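A.B. asks: Here is a sequence together with a model predicted from it:
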Amino acid sequence: MPAKAKSTPKKAVKSGASLRLYRSLRRIRRVEEEIARLYPSDKIKSPVHLSIGQEGIAVGVCDALEARDAVSGTYRGHATYLAKGGSLAAMMAELYGKDTGCARGKGGSMHLIDMEAKVLGTSAVVGTTVPVAVGYALAQKRLKTGAVVACFLGDGATEEGCFAESLNFAALHKLPVVFVCENNGFAIHEPLSKRWATDRLCARVATYGIPAKRFADSDTAAIRKHVERALLKMRKGGGPIFIECLTWRWREHVGPGEDYDAGFRSKAMLAKWQKKDPVAKAAKAVSAKQRAAIDAEIEAEIAAAIAFAEASPFPSPEELGTDVYA
Amino acid sequence: MPAKAKSTPKKAVKSGASLRLYRSLRRIRRVEEEIARLYPSDKIKSPVHLSIGQEGIAVGVCDALEARDAVSGTYRGHATYLAKGGSLAAMMAELYGKDTGCARGKGGSMHLIDMEAKVLGTSAVVGTTVPVAVGYALAQKRLKTGAVVACFLGDGATEEGCFAESLNFAALHKLPVVFVCENNGFAIHEPLSKRWATDRLCARVATYGIPAKRFADSDTAAIRKHVERALLKMRKGGGPIFIECLTWRWREHVGPGEDYDAGFRSKAMLAKWQKKDPVAKAAKAVSAKQRAAIDAEIEAEIAAAIAFAEASPFPSPEELGTDVYA
Amino acid sequence: MSTPKPPPTPKLAWPGRVEDGRRVLKYVDALSEAVALEMARDENVFLFGLDVDDHKAIQGSTRGLLDRFGPARVFTTPLSEDAMTGVAIGAAMAGMRPIHVHIRMDFLMLCMNQLVNIAAKARYMYGGQIKVPLVVRTIIGKSWGQGAQHSQGLHSMFMHVPGLKVCAPSNAHDAKGALIAAIRDDNPVVFVEHRLLYATEAFVAEAPYVVAPGRARVCRFGRDVTIVGVSNMVVEALRAADLLKEAGVAAEVIDPIWLAPLDSDTIVESVRRTRKLVIVDNGWSMCGAGAEIAARVAEACAGEGPLQIQRLGFAPTPCPPSPPLEAAFYPNPATIAAAAYKLARPDAPAWMPDAAKAELAYQLQFKGPF
Amino acid sequence: MSTPKPPPTPKLAWPGRVEDGRRVLKYVDALSEAVALEMARDENVFLFGLDVDDHKAIQGSTRGLLDRFGPARVFTTPLSEDAMTGVAIGAAMAGMRPIHVHIRMDFLMLCMNQLVNIAAKARYMYGGQIKVPLVVRTIIGKSWGQGAQHSQGLHSMFMHVPGLKVCAPSNAHDAKGALIAAIRDDNPVVFVEHRLLYATEAFVAEAPYVVAPGRARVCRFGRDVTIVGVSNMVVEALRAADLLKEAGVAAEVIDPIWLAPLDSDTIVESVRRTRKLVIVDNGWSMCGAGAEIAARVAEACAGEGPLQIQRLGFAPTPCPPSPPLEAAFYPNPATIAAAAYKLARPDAPAWMPDAAKAELAYQLQFKGPF
Ligand SMILES: Cc1ncc(C[n+]2csc(CCOP(=O)(O)OP(=O)(O)O)c2C)c(N)n1
Ligand SMILES: Cc1ncc(C[n+]2csc(CCOP(=O)(O)OP(=O)(O)O)c2C)c(N)n1
Ligand SMILES: [Mg+2]
Ligand SMILES: [Mg+2]
């Protein structure tokens, strides 16, 4: 990863990047593991879609972004939100339905948002955030902020008509969007074979004049490098790019557990993907001592976030009627 | 055009095909010219979208179809309707808003239908008929009728999300659909350059595993031949095909006149396309004597259809409330 | 995340459980039973939609259908609600009888163009040449933090459009009979279920029967006030009626069952007697089902003398997931009872039932009688 | 197919014509003037949608804007209503103020998911972190054989959803002021125009002004019956009031202007006096704007004594293009007047105004006073 053209000096330091990637990956993993652990207590008041196993994509993409850039995630959005710098405490409080939540208890796990960190709000209706992200990018172009938008979507979302419409418009107007398809092979329990006529997604996207690349095992560093390079051109008006990142959702679609006993996908595949575990891989680039320090920090932060969420009040009933209109 | 595998013996005779094509093309052209002539009289009670100049596509495709096959057209649907054998008198009466119209005066020019001739109803909302045609094809497959559906759509319709959704589903289920894109370069007055990121439509469609071919000058016979061949495979479960037919709308988007004085497209292009006039081309394959006979028949049929429309009664006011529900 | 059981033996009718010599069945099972019976009866019926064929089987409501009828007649789709609605319409125009399933009503917003601009109008604007015998099954979600996009009851949008029929059964008996009626209907029917009703039980006959469009049911008779409930709010209204009874108020409870066509005559007839009407909708009030019912009653009998009407429904906000907000968002037996009491006893001091007694009503089984 | 004129000089205000020393402007020009003024005032306003930039300029209502503001701020789109709505929302979330134009309201059915599930809910479900200052301009079509899919008035679907505002101005003065108000509003506004109003004229001040949400207007005072019109039906109602006057009945005519938030207080106040209400909607009645108005009036004052309410609207059918059917489909001044007369004079024999006098009202110019 060459240092050129990055304004943040820390990114120039290779070991700095390794530390950053490990910290981010490990933090997201641990947050979600804690969510899964807490879940049976019924303190979390919202359905959770864990991205355990898929974190490398969000972390790879977001590490290539600058603070001014925005991300648009899905209801499976914890990783995106945290990787881009969304407040962990506010997220945790949101899962608890608390007034201090990032959406003040009016969103829930599927509607995370942190506009300060430029995390656009996520949505529970598949695909809906894609054109919204494109519109946000249109505004960046118009307002000449120089910012780009990384728009995350699942493989299922590519089947929605608005995906095709959004690609065409983004390409036509050369908008600064990094489309990131997290292809975990399933929409809930339905495999690609029941939903896609072919798997030539990248070839299709390329016909819009959008450079498209598939990452067969979604290596964090490779994704990061690819996006970082592409942004140089994109910030000069080069238009959108697309990446398709093959990945594996380790847990069930929604909820804290696994779903291999349901028989629709094999545990052998999990084992295969666990060998590519992005957290374990990133850990190898960091010394044991560094890891210990980072891990301790992370545990402390998570504990504090949970304590914050638990101690926070619920919204008062009068809040029901506020913010319906601006 | 080889005779093999066609059940209708008349199609085996080459000169028969020439006569048929000429008759159909000339008839459609003359019907629309008459509509344009009648229009200022205000007897026609419905906005008309003429396909003058584009008829070769509908005629080429429909000539390759059998009676059991269906067509699905657009609001610019006179050619499709007539080419597939829809009743001219019922169409004319429909334009007049009469009770004898194909939709009993409840449709208008944009909602032609003739289920006896297997002309599915057309729609004024762009793109909406595409998935409906696919569903009709799904039923043909389920019901094992052996029939196929030719689904006509404009270049503008390809921008609607439901087009991409429909392609994916039709390909996934190997449905018997001939998608026919009549690409006249404009949606109302907006050129492709303002709407399409690239013109690689066929390449895009091919990524669904759908054989796709562009006809740069939409030669009637070439289209006919291509579709005829493709149907052999399709009827054996081969799945959909796609053709993109470049063409030119000679007249204005809606209404009887021209629109070259508006400045958004050049009359030189009209001249270029008029050299490829499908009616004139087809006329060359037919002797002067045959032409005269056919023309006379056509004029008589049109005059009779207009007389029928004029003589027919309007629906009675009580008809307002019928057929809201089946 | 429940441990999957071996697939149930393909059967047309579920065993249910027997009470007083009659079969008691869950709403969720009544739905799949209705579909199974109709699919067995008519080859042209098929069922499709995202996830209808997976092991969760749309919260159990398509359980057994894949095994019984195979993947050609029970199949999932891509995430393409708009086109899939068109596909259903096209298949219906070709003579089939598709049932298109959506696990959440919120997703119907992606289908509006096809439903409103094609399905509802096709028969009319094509001069009666075709019909669209389509059932759109759709489930209203509720509770437990699902939030703004997984909770909507949008039935009034469909009631608004001529050419569509709308049904919202409140119990297992009606769920079966109305779904059979919907499948046999030659028109597009938006069939509105409610997630919280799935576990409720009722007496359900094993043979096929229809609960036909356009016929409301008086679930309880009473002379002091009329309460009309929509979908699961019928259950809440019945609970409210129990609470009101303890306060000496006799409430008549009416379930329209079918919202379009709407049998307002039964409601008007009741209000003519009580002169007091509370409508409890499972949706927003503005231009909602309750507005229509109130308007019809006002048109029909307001000239006859004083009349009191009160609508209850979702708070005029998106649905919040946070528990205290969500609790205030929905009508419940206590707020219904209090509103009805106020109309019935205008001069009495305001009354609010005991909170403990006014809990959500879904544990209360409504088994009939019918 | 009109011969194109050379593009008009880019100006903010149109000349219109002068009457009594005041400027008279067409509805269609009032619309483009409002947008021009706001685009000049605020760099963040932009206008887009299919065909806004062609020579026909959305029936003239975007005339001059491309010349004045250039293609970066006035541009067409692909035929992708769903995604384009999302694009508008995203741009609005980023601080811009998009105006998204649809030449026909029917096409909004393709936008429902974004409007209902995102635009309406975004501020709330994102805890107030963002706002969506979006205007969706949309035109109801009518007449001359356009048929079922080019004629719908679907405003009540939007009124139903909290978080959206809905406006339906009936004259050029309100068109300008309400559009300016809509553009300045920090919420998504569905702005409902009517094609047949485009040529109507009114006194319109040249300076910017707002016709703010939530304020109905009493267009004519009368003590015998209250008539509420929606969109172009205000014009028809005024014509009906003229006819009624000749029959000795004094009608009060109210224009809500904004349908959400709806100023029902003004209506209730009027009906408290007249005890008789006719609501004339430019859409279907069932769960329509008229249902909401009727319900609110019934809730607010039915308990006070007898009250008569009658809704008029589209016939409960798709819109047929054939002239005799289309004529029966719409309310018109004669049917409005007859309905109002029946309420106002219940004991008199039924009365129907002279057919010739009851023609469509669009030639009748409504210029104020305001
Ligand atoms: C428009 C829409 N249709 C259906 C659903 C139900 N649903 C929720 S998540 C999901 C799967 C989406 O799959 P994908 O986009 O691959 O994302 P993943 O969950 O695999 O991350 C579906 C179908 C929905 N939320 N929205
Ligand atoms: C969904 C929708 N959006 C917009 C329109 C308005 N409109 C009517 S025809 C048309 C152009 C369609 O272009 P194309 O598909 O290329 O067909 P053509 O008219 O060129 O035959 C448009 C935009 C519409 N009818 N439906
Ligand atoms: Mg997936
Ligand atoms: Mg075209």
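C.D. replies: Perfect, thanks for sending it. Ligands and ions are numbered 1, 2, ... in the order given.

A.B. asks: make it CA atoms for all contacts and neighbour counts henceforth
C.D. replies: Noted.

A.B. asks: Per-residue pLDDT of the residue in the stretch 251-370 of chain C that chain B sits nearest to, please?
C.D. replies: Chain B sits closest to residue C:261 of the stretch 251-370 of chain C, with a gap of 10.7 Å, by C-alpha to the nearest C-alpha. Reading off the confidence values, residue C:261 has pLDDT 98.

A.B. asks: Do a quick rundown of the strands in the stretch 151-300 of chain A.
C.D. replies: A:177-183, A:186-187, A:190-191, A:212-215, A:241-246 (DSSP state E, counting those that start in this stretch).

A.B. asks: surely the residue of the stretch 251-370 of chain C closest to chain B meets residue C:168?
C.D. replies: No - Residue C:261 lies out of contact with residue C:168 (C-alpha atoms under 8 Å); the separation is 11.6 Å.

A.B. asks: how about the helices of the stretch 201-326 of chain A, start to end?
C.D. replies: Taking DSSP state H, counting those that start in this stretch as the test, the helices found in the stretch 201-326 of chain A are A:201-206, A:220-233, A:267-274, A:278-284, A:288-311.

A.B. asks: List the buried residues for the third one?
C.D. replies: Along helix A:267-274, the positions that meet the burial threshold by neighbour count (16 or more other C-alpha atoms under 10 Å in any protein chain shown) are A:270, A:273.

A.B. asks: How about residues contacting that helix?
C.D. replies: Here helix A:267-274 makes contact (C-alpha atoms under 8 Å, 6 or more residues apart in numbering or on different chains) with A:53, A:247, A:248, A:250, A:260.

A.B. asks: try 6 Å
C.D. replies: residue A:260 (C-alpha atoms under 6 Å, 6 or more residues apart in numbering or on different chains).

A.B. asks: chain center to it, what's the gap?
C.D. replies: The chain centre lies 22 Å from the centre of helix A:267-274; the measure is C-alpha atoms, centre = their mean, to the nearest Å.

A.B. asks: swap in the fourth one?
C.D. replies: Averaging C-alpha coordinates over helix A:278-284 and over its chain gives two centres that are 18 Å apart (C-alpha atoms, centre = their mean).

A.B. asks: Which secondary structure elements does it sit against?
C.D. replies: In terms of contacts (3 or more C-alpha pairs under 6 Å, 6 or more residues apart in numbering or on different chains; DSSP states H and E), helix A:278-284 is packed against helix A:14-38.

A.B. asks: quick one: average confidence on the helix or strand just after the helix it packs on?
C.D. replies: With elements assigned by DSSP states H and E, the helix or strand that comes after helix A:14-38 is helix A:55-63. Averaging pLDDT along helix A:55-63 gives 98.

A.B. asks: what angle do helix A:55-63 and helix A:220-233 make?
C.D. replies: Angle, helix A:55-63 to helix A:220-233, by axes from the mean of the first three to the mean of the last three C-alpha atoms, to 10 degrees: 30 degrees.

A.B. asks: What about contact with ligand 1: does helix A:55-63 have any residue there?
C.D. replies: No - legend: contact between helix A:55-63 and ligand 1 by C-alpha under 6 Å from any ligand atom is lacking; minimum distance shown is 11.5 Å.

A.B. asks: Report the angle between that helix and helix A:14-38.
C.D. replies: Using the same axes, to 10 degrees: helix A:55-63 against helix A:14-38 is 130 degrees.

A.B. asks: ok now helix A:55-63, how far from the chain's centre?
C.D. replies: 7 Å.

A.B. asks: following it, which helix or strand shows up next?
C.D. replies: Using DSSP H and E, the helix or strand that follows helix A:55-63 towards the C-terminus is strand A:70-72.

A.B. asks: Could you give me the buried positions within that next one?
C.D. replies: So, applying 16+ other C-alpha under 10 Å, buried residues of strand A:70-72: A:70, A:71, A:72.

A.B. asks: so how far is it off the chain centroid?
C.D. replies: 9 Å.

A.B. asks: Is the helix or strand just after it positioned near ligand 1?
C.D. replies: Per DSSP H and E, strand A:70-72 leads on to helix A:78-83 as the next helix or strand towards the C-terminus. No - between helix A:78-83 and ligand 1, judged by C-alpha under 6 Å from any ligand atom, nothing touches; the nearest distance is 11.3 Å.

A.B. asks: can you pull the contacts of residue A:18?
C.D. replies: Residue A:18 neighbours (C-alpha under 6 Å, 6+ apart): none.

A.B. asks: Relative to ligand 4, how far out is it?
C.D. replies: Residue A:18 sits 53 Å away from ligand 4, going by C-alpha to the ion, to the nearest Å.

A.B. asks: gap between the residue nearest the centre of chain A and residue C:87?
C.D. replies: What sits nearest the mean C-alpha location of chain A, by C-alpha atoms, centre = their mean, is residue A:80, with 2.4 Å. Applying C-alpha to C-alpha, to the nearest Å, the value for residue A:80 to residue C:87 is 35 Å.

A.B. asks: Give the next helix or strand downstream of the host helix or strand of residue C:312.
C.D. replies: According to DSSP H and E, residue C:312 maps onto strand C:308-314. Downstream of strand C:308-314, the first helix or strand assigned by DSSP H and E is helix C:323-329.

A.B. asks: what mean pLDDT does that following helix have?
C.D. replies: On average, helix C:323-329 scores 94.

A.B. asks: CA atoms of that helix as PDB?
C.D. replies: The C-alpha atoms that make up helix C:323-329 are tabulated as PDB, following Å, rounded to 0.1, in the frame of the first residue of the first chain:
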ATOM      1  CA  PRO C 323     -41.100  -0.300  24.200                       C
ATOM      2  CA  PRO C 324     -42.700   2.700  26.000                       C
ATOM      3  CA  LEU C 325     -43.200   4.500  22.700                       C
ATOM      4  CA  GLU C 326     -44.600   1.400  21.000                       C
ATOM      5  CA  ALA C 327     -47.000   0.900  23.800                       C
ATOM      6  CA  ALA C 328     -48.400   4.300  23.300                       C
ATOM      7  CA  PHE C 329     -48.500   3.900  19.500                       C
END
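
A.B. asks: Quick one: name whatever helix or strand follows that helix.
C.D. replies: With DSSP H and E, the next secondary element past helix C:323-329 is helix C:333-344.

A.B. asks: and the residue of the stretch 201-326 of chain A nearest ligand 3?
C.D. replies: For the stretch 201-326 of chain A, the residue closest to ligand 3 is residue A:249, as judged by C-alpha to the ion, at 8.1 Å.

A.B. asks: More neighbours: which of residue C:261 and residue C:168?
C.D. replies: More crowded of residue C:261 and residue C:168, by other C-alpha atoms under 10 Å in any protein chain shown: residue C:168, with 26 against 18.

A.B. asks: mind listing what residue C:331 touches?
C.D. replies: Contacts for residue C:331 were tallied using C-alpha under 6 Å, 6+ apart; they are residue C:313.

A.B. asks: Show me which residues of the stretch 201-350 of chain C are close to chain A?
C.D. replies: Residues of the stretch 201-350 of chain C lying close to chain A by C-alpha under 6 Å from any C-alpha of the partner chain are C:317, C:320, C:321, C:322, C:325.

A.B. asks: re the thing from before, for the buried residues of strand A:70-72, which one is nearest ligand 1?
C.D. replies: Using C-alpha to the nearest ligand atom, residue A:72 is the member of the buried residues of strand A:70-72 that sits closest to ligand 1, with 13.5 Å.

A.B. asks: Right, I'll call it a day here.
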